[in-house]
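# The following comprises the amino acid sequence and a computationally predicted model.
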Amino acid sequence: MADIMGVYLMPHPPVIIPEVGKGAEKRVQKTIDALYECCEEIALQAPKTIVIITPHGPLINDCLTVMSKEKLEGNLSRFGAPMVSASLDIDTILTNEIVYYANLRKIPCLGLDDELAFEYGISTSLDWGALVPLYFILKKYREFKLVHVTVPMLSNEVLYKFGMAIQEAIKSKDSGYNLIIVCSGDLSHVLSVNGPYGYHPKGHVLDREVIELIKAGNVKGLLELDKDLVEEGKECGLRSLIIGMGTLEGYNFISRVLSYEGPFGVGYAVASVKPKIKSSYESISGKLSVKNNDKHDSNKTDNPYVLLARKSLEYYLMTKKILKVDAQGLESDMLTKRAGVFVSIKKGGKLRGCIGTITATRKNIAEEIIYNSVSSGTEDTRFKPIEMNELEELVFSVDVLSESYPVKTLKDLDAKRYGVIVRSGQRTGLLLPDIEGVNTPEEQVEIAVEKAGIKADESYTIERFEIKRHK
């Protein structure tokens, strides 16, 4: 099982980078030293992936966006330092998992690629909210992929729940797939008259409260900060931090504030939160107003074939994209063997969709399941396409077909054990075995002939096959 090795709060003022600050960065040396201390710690932990949460990335309405393109690039040219740049590979598998689990919780979240960004007229370049922390991380460690999250103005409850969705996505990965969460953001922007928004006395109050809550590990306190205080304090890091703390839901942890200063009228805090073990304390999520919405209890299964079928259709309905094969949690046969596959979907005990392939058409069984599940849910012409609000009521089964063999007489058939295929020229009809209401080979063949459109006076051949049914 994968795990989160640490959550870090890092400020993102470009001025702390020498190529931008040109000497002014010396006024925030404590912040720089603390950042390097965090980055050295990250390097020792050697995470496979770093999830960076920024308030300054591309936004689509009030929706969390997770970059889903293969690579992200950007520089600080808008701050006069085009030489400060980064090009990082995206962990697309984890990105897709995060979008999946977020939407499962009814949290607005989109995977953002170039096509969607063009449609909305927004950039997919690395923003300074990500680039500044990455500048320091890359000085110490480079062997990681990136997950880039942009956080909008959503409620603390929704953001915390999104952090929990990230935890769920991470927990679905193999052991050794360890991660770091970086919460990018500054604290109050109204600490002095020379600050970006002038001075407000609540700025210092806000920063003092946030720092004390981090030191105390008081997540509930962060969630319940006075809204007027937060608004008047003009911060941009609290939302990122709340998501980060949501990823540690259910854990004990040790939190440290490594530095805090605000010489430019903006509060810069560097902090680390290190999880220890799952705790027995009352879950914070249980006190939040946002419901879990995890309504699959009536259809629990640990069968990887069925889980993949359900996940494939859910992912397609949420993203309009085909799920990529991820070896995590799949049996070896699903990845190494090829076969025809039928995916059946029922609702309230009645068929809601069933489409499959007689022989293999994809690279492996897993891919066959993914495509056929989507087809069953959206292309079976006997039914209207399945909609999102039906997902929790659906029951999936997956039939993996063996090779078929010709039979000479109906005595070679068994309606419970064998499925049948009838062929006449280019026309083919198939019926799976052990279908409710179909009790004899004669009934099987009659239905298959009708499905193929073969007339009563036409000749046809019969084949039989076996299945392994997963439900």
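Sure, I can see it.
# starting at the chain centroid, how far to stretch 100-108?
8 Å (Cα atoms, centre = their mean, to the nearest Å).
# Can you measure across that stretch, start residue to end residue?
Using Cα to Cα, to the nearest Å, the end-to-end distance of stretch 100-108 comes out at 11 Å.
# Need the contact partners of it.
Applying Cβ atoms under 8 Å, 6 or more residues apart in numbering, the set of residues contacting stretch 100-108 from outside is 61-64, 109, 154, 158, 161-162, 164-166, 168-169, 290, 292-294, 311, 314-315, 318-319. The C-beta positions use only the backbone N, C-alpha and C, and glycine is treated the same way.
# So which bits of that stretch are buried?
Residues of stretch 100-108 classed as buried: 100-105, 107-108 (neighbour count, 16 or more other Cβ atoms under 10 Å).
# swap in stretch 36-51?
37-39, 41-43, 47-51.
# hmm, who's touching that stretch?
The set of residues that contact stretch 36-51 without belonging to it, under Cβ under 8 Å, 6+ apart, is 5-6, 8, 10, 91, 94, 136-137, 139-141, 143-147, 149, 166, 176-182, 247, 258, 270, 272.
# Restricted to strands, list these.
When DSSP state E is applied, these are split such that 5-6, 8, 10, 145-147, 149, 179-182, 258, 270, 272 fall in strands.
# which residues sit in contact with the residue nearest the centre of the chain?
What sits nearest the mean C-alpha location of the chain, by Cα atoms, centre = their mean, is Ile98, with 1.4 Å. By Cβ under 8 Å, 6+ apart, Ile98 lies in contact with 66, 109, 147, 149, 165-166, 169.
# with the residues you listed in mind, which one is nearest to Glu73?
The shortest gap between Glu73 and any of the contacts of Ile98 belongs to Val147, at 15.6 Å (Cβ to Cβ).
# Let me know whether that closest one touches Ile93 as I believe.
No. Under the contact definition of Cβ atoms under 8 Å, Val147 does not touch Ile93, with a separation of 9.9 Å.
# if you count what's nearby, which of those two comes out ahead?
The residue with more neighbours, out of Val147 and Ile93 and counting by other Cβ atoms under 10 Å, is Val147; that gives 26 against 20.
# Quick check: nearest residue in space to that one, chain neighbours excluded?
Excluding its sequence neighbours, the residue lying closest to Val147 (Cβ to Cβ, 6 or more residues apart in numbering) is Val51, at 4.3 Å.
# Please, which helix or strand holds that neighbour?
Assigned by DSSP states H and E, Val51 belongs to strand 49-54.
# partners of that strand, with directions?
Under the criterion DSSP bridges, strand 49-54 sits next to strand 145-150 (parallel), strand 179-184 (parallel) in its sheet.
# Pick the most deeply packed of those.
With neighbours defined by mean count of other Cβ atoms under 10 Å, none of those is more surrounded on average than strand 179-184, at a mean of 28.
# Determine how far that strand lies from the middle of the whole chain.
Between the centre of strand 179-184 and the centre of its host chain there is 15 Å, according to Cα atoms, centre = their mean.
# Need the contact partners of it.
Where contact means Cβ under 8 Å, 6+ apart, the residues beyond strand 179-184 that reach it are 2-12, 42, 45, 47-56, 94, 129-130, 132-133, 137, 144, 166, 170, 237, 240-241, 243-244, 247.
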